[in-house]
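Student: coords below, sequence missing:
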């Protein structure tokens with residue numbers, strides 16, 4: 001018996017796409033380093049979708065990393081490291097942020113821009129997206145149980161109405 005894995009490839013972007021935890025999307029036309037996004041001292045961490053799904057603090061991108069065009073990155077607050085979450089929560093977050101990145105239309109927003117910047121920053125809020133489709137939580141499972149009548153195997157302890165009525169007092 002074998003295992004079959006399926007993986008959809010991530011969308012390719014023309015620029016460096018950075019999605020914040022709150023859903024804001026930034027596209028950078030030119031090269032950018034992680035330290036330029038996180039600030040000094042760093043207040044945020046930057047990771048790829050793969051690093052987020054298999055999250056550990058050792059897998060964040062170092063400050064001297066140059067982000068590559070056509071790739072997707074997530075920027076998260078450092079408090080994310082103390083977040084007590086299950087791996088499913090990380091997968092849900094990665095799925096939600098990737099969905100935001102896919103639905104963001106860089107071309108139309110970039111062409112509407114009146115001035116040319118070396119770093120084009122475009123933002124879109126997650127709030128604009130359909131919240132019902134964003135949910136990763138499954139419906140709670142409630143079992144349907146029938147009533148169980150328990151009876152003792154030892155007749156000495158079992159009393160029914162006929163025994164009470166016929167017993168001598």
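Tutor: Perfect, I can see it now. Being a predicted model, the structure only gives us computed values, none of them experimental.

Student: ok but residue 27 is inside a helix, no?
Tutor: No - under the criterion used here (DSSP: H, G, I helix; E, B strand; the rest coil), residue 27 is strand, not part of a helix.

Student: let me see the mean pLDDT of stretch 103-115.
Tutor: What stretch 103-115 shows for mean pLDDT is 51.

Student: can you map out the helices along this structure?
Tutor: Counting by DSSP state H, one finds helices in the chain at the ranges 34-38, 49-53, 87-103, 106-112, 131-134, 161-166.

Student: list the buried residues of the second one.
Tutor: In other words, helix 49-53. When burial is assessed from 16 or more other CB atoms under 10 Å, helix 49-53 yields the following buried residues: 49, 51, 52, 53. Heads up, the C-betas are built off the backbone N, CA and C, glycines and all.

Student: still on that earlier bit, now the weakest link among the helices of the chain, please, by mean pLDDT.
Tutor: The weakest mean pLDDT among those belongs to helix 131-134, with a mean of 40.

Student: hang on, the earlier thing: need the buried residues of helix 49-53 in JSON lines with distance to residue 36, can you?
Tutor: JSON lines is the format used below for the buried residues of helix 49-53 (distance: CB to CB, whole Å):
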{"residue": "49", "distance to residue 36": "20"}
{"residue": "51", "distance to residue 36": "19"}
{"residue": "52", "distance to residue 36": "20"}
{"residue": "53", "distance to residue 36": "25"}
